[in-house]
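# I would like to see how this sequence folds:
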Amino acid sequence: PWNPATTRLVLGPPGTGKTTHLLYVLGEYLSSGVPPESIAVATYTRAARREILDRMLAQFRLTVDRLPWVRTLHSSAARLLSPIQGRFFADADWQAFGQSYGYDLRDRQASQPADDGTLWGWRLGGLGGDDTLRAAMEWSRLTLRPLADACRYGPWRAAPSLESVRAFTQRYRAYKGTHGLIDYTDLLEAVLRSDARPDALEVLLIDEAQDMAGLMLAIARAWAAHCSAVVIVADDDQHVFGYSGASAAWLVDLARRVPTETLRQSYRVPRLVQTIAGALITRNRHRVRKAWAPRAADGTVCRWDAGRALAEAVRRVTRDDHATAMLLVRNRVFAHPLVTELRARLVPYTCLPTGGVYDIERRTPRGLVRFVDAVATATRLMEGAAVPWAELGVAISAYVPAGAMCRWGLKAKLPREGVVTMAQLAETLLAP
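Below you'll find the predicted structure:
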């Protein structure tokens, strides 16, 4: 389905600059006279789309209106189908649907597309009740595979029965039809069914292609058939979204059929990390072999549990006023205990992408400044100094959610005048 005469594959190991290379390719096509409006950049996540778009605007001095197809596939589908008939399935609709048929649907916010391009994405680890039925249905739709495959091969801790998933799917479709509702996967299915595509499309670039499930790839292939050039940027070794229906097997096959280039210099991964990672990844026999060089540093590899990793990060940051630390987690579920511990230690932090683990103000730069000020206030208190009550109130509100302030009655307990010491604060907060 991919034309070798017009398609090329770019494999980018970790830190080799896949996005930078993508921008270089874009620059080549723009310089050759291809109008920006005729170039589509299909990204897997909204974060990737934002990065590429921002860099294109800065590097090529273009305006957003001249780049209408630098989008996620969900966003492109919505634009192609506009105006959209029907209302999007919301959390309240899931609740009503569950009540109508007696389903226990505990996974909140599942009606919104996640950053990984699915409707349930990172929430998989927290599925409960009948959420697995919904996830199996969505897995089947995204992979273009039968419901039986979803039950048998999906990443479920306890595989649901085919009969239960089939009944759930039929009821879900009927409920949507009765109430005039649609979901985000409906958009992708409608685009594929109608063969809708951007007008005058000449060049298609696909970013992080290893993470796209079958439905998304089917749309990309349909668009590619009408393009004079297709560039697929991916790394089968960095394929991590198998649980949402993606597979890197097609990339291994594609590398044998179309011209393939490997980016060979990593600017991020040091030697020791590359050596260990390389030894591990070779256990996967169904992959594209690649030769690439690490950056000129040895690096350090330690095997720690989450608690030790967090303690080490905090130790390094607190030891050096100019140091920062990044903690990467598999998905946001695993970030909750880390964030809880950071709060307890009064360590300032930000969550990326925005949205974070806790919906509190310090996600913004301004909020981070308030949090740092709060830490300074707490430090002076611990050292025995007296601080103004008003300053203490601001400090507490910087890291205690508003709901907790009300439940604990902190606002009522904190005077508005005078100064306070640590002993006075404890006495005030412990008062009935």
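# What sits closest to residue 57 if chain neighbours are left out?
residue 64 (6.9 Å; Cβ to Cβ, 6 or more residues apart in numbering). All C-beta spots, glycine's among them, are computed from the backbone N, C-alpha and C.
# Can you give me the distance of residue 74 to residue 219?
According to Cβ to Cβ, to the nearest Å, residue 74 and residue 219 sit 10 Å apart.
# Can you pick out the residue with more neighbours from the two?
The neighbour comparison of residue 74 against residue 219 (other Cβ atoms under 10 Å) goes to residue 219, with 23 against 19.
# For the stretch 1-150 of the chain, which segments count as strands?
7-11, 39-43, 70-72, 87-88 (DSSP state E, counting those that start in this stretch).
# Pick the most buried one from the ones you listed.
Highest mean neighbour count of these: strand 39-43, a mean of 25 (counted as mean count of other Cβ atoms under 10 Å).
# For that one, which strands pair with it and how are they oriented?
Here strand 39-43 has these sheet partners by DSSP bridges: strand 70-72 (parallel), strand 203-206 (parallel).
# which stretches of the protein have low pLDDT?
107-128, 321, 330-333, 346, 348-375, 396-416, 422, 425-432 (pLDDT under 70).
# repeat that for 50
108-126, 354-365 (pLDDT under 50).
# quick one: residue 20 from residue 34, how far?
Distance of residue 20 to residue 34, computed by Cβ to Cβ: 20 Å.
# and the two? which has more neighbours close in?
Taking other Cβ under 10 Å, residue 20 and residue 34 do not tie; residue 34 has more neighbours (16 against 13).
# Just want to check the distance between that one and residue 2.
For residue 34 relative to residue 2 (Cβ to Cβ), the value is 20 Å.
# doesn't residue 384 make contact with residue 421?
Yes - counting by Cβ atoms under 8 Å, residue 421 touches residue 384, with 7.1 Å between them.
# if you count what's nearby, which of those two comes out ahead?
It is residue 421, of residue 421 and residue 384, that has more neighbours when counted by other Cβ under 10 Å, with 13 against 9.
# for the closest residue to the more buried one other than its chain neighbours, phi and psi?
Nearest residue to residue 421 in three dimensions, chain neighbours excluded: residue 386, at 5.0 Å (Cβ to Cβ, 6+ apart). Phi and psi for residue 386, reported as degrees, to the nearest 10, are phi -100, psi 140.
# Contact partners for residue 386?
Shown in contact with residue 386 (Cβ atoms under 8 Å, 6 or more residues apart in numbering): 419-421.
# before we move on, what about residue 298?
270-272.
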